[in-house]
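Colleague: Give me the fold of what follows.
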Amino acid sequence: MKCLFKNIALAAMFLTLSIAQSNSQTQSTTVSVGGVNAVLIKPSKPIGSLILLAGGDGRIGVDGNGAIKIQGNQLVWTRMNYAQKGFAVLVPDYGYNLSELVEYMRGIQKPVTVVGTSRGTQRAARGIYKGAKPDRLVLTSGFLSNASGDTENVVNILENPNLLPPTLVVHHRSDHCKHTLPSGVQDFVSWSKGKSKIVWLDGGGEVGNPCEAQSYHGFKGLDQKNSRFGFRIC
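Modeller: You can find the predicted model right below:
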């Protein structure tokens with residue numbers, strides 16, 4: 001399959017530029033898509049589009065000036081780095097219709113990749129089940145299969161692997177969250193019938209709740225190290 005992405009940037013690979021440095025070079029604006037506020041970060045010549053779906057309850061507090069009040073989620077706090085890699089980035093607040101988000105970003109630049117983390121992977125699956133058609137899907141720290149520890153998972157939501165676009169799974173080998181255990185990854189990959197690939201992460205650290213951002217589940221520490229991972233969906 002032809003490679004469509006150059007260095008898809010996920011939390012663990014952004015390391016040489018700080019968020020403050022990125023803010024000085026890339027402007028964020030607030031847009032409304034289907035009546036839901038979302039932050040849009042748009043380089044002058046984007047190479048593709050990313051839609052970042054936060055975990056937890058999905059409420060991130062997008063205001064009218066391109067700012068986000070709740071930034072604990074790993075996809076949210078690294079959003080500027082994706083734009084630095086050349087992607088147009090959309091970060092929606094809670095209540096979105098995924099199909100509308102995908103079509104909005106398709107109007108900016110194809111291909112469109114949906115990136116969901118933790119409970120955001122559930123919302124990505126529900127959106128795809130209801131008809132959203134992203135070109136690619138990235139699932140980080142995902143609710144993937146029954147072996148992940150929760151029956152509300154991507155396999156059970158979608159039911160049919162034919163609904164999956166080409167998918168990249170990014171998971172920490174030491175994820176201790178009871179809903180996203182590493183043992184669920186291989187079951188998901190087997191179910192996907194060749195539509196998914198895995199990138200395993202190691203290292204970092206954990207403080208407090210293993211299902212929150214300051215943990216292996218949230219890739220704590222991996223976006224601050226001076227190393228890089230080049231993720232490609234081919």
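Colleague: Ranking helices and strands of the chain by mean pLDDT, which lands last?
Modeller: None of the helices or strands of the chain scores lower by mean pLDDT, DSSP states H and E than helix 19-23, at a mean of 36.
Colleague: Give the next helix or strand downstream of it.
Modeller: Counting by DSSP states H and E, the next helix or strand C-terminal to helix 19-23 is strand 28-33.
Colleague: And that next one, what's buried?
Modeller: Buried residues in strand 28-33, counted by 16 or more other Cβ atoms under 10 Å: 28, 30, 33. (Each C-beta comes from the backbone N, C-alpha and C, glycine too.)
Colleague: where do the helices sit along the chain?
Modeller: With helices called from DSSP state H, the chain shows them at 19-23, 74-77, 79-84, 98-106, 119-129, 154-158, 183-191.
Colleague: Which one of those helices lies nearest to residue 207?
Modeller: For residue 207, the closest of those is helix 74-77, at 14.1 Å, according to Cβ to Cβ.
Colleague: So what's the gap between that closest one and the chain middle?
Modeller: On the basis of Cα atoms, centre = their mean, to the nearest Å, helix 74-77 sits 9 Å off its chain's mean C-alpha point.
Colleague: likewise stretch 42-55?
Modeller: 10 Å.
Colleague: And stretch 146-166, by the same measure?
Modeller: With Cα atoms, centre = their mean, you get 16 Å for stretch 146-166.
Colleague: my guess is residue 192 meets residue 162, correct?
Modeller: No. Counting by Cβ atoms under 8 Å, residue 192 does not reach residue 162; the two are 9.9 Å apart.
Colleague: thinking again about what came up before, so for residue 169, which of the helices of the chain sits nearest?
Modeller: Minimum separation from residue 169 across the helices of the chain (Cβ to Cβ) falls at helix 183-191, 6.0 Å.
Colleague: and the closest one, which residues are buried?
Modeller: Residues 184-185, 187-189, 191 are the ones in helix 183-191 that count as buried (16+ other Cβ under 10 Å).
Colleague: How about the contacts made by residue 181?
Modeller: 147-149, 175 (Cβ atoms under 8 Å, 6 or more residues apart in numbering).
Colleague: ignore the last one, residue 148
Modeller: 142, 179-181, 183-185, 187-188.
Colleague: Give me the distance between residue 116 and residue 140.
Modeller: Going from residue 116 to residue 140 by Cβ to Cβ, to the nearest Å gives 7 Å.
Colleague: ditto for residue 100
Modeller: Counting by Cβ to Cβ, the gap from residue 100 to residue 140 is 23 Å.
Colleague: Of those two, which one has the most company?
Modeller: residue 140 (28 against 16; other Cβ atoms under 10 Å).
Colleague: That one and residue 112, how far apart?
Modeller: To residue 112, residue 140 is 17 Å away according to Cβ to Cβ.
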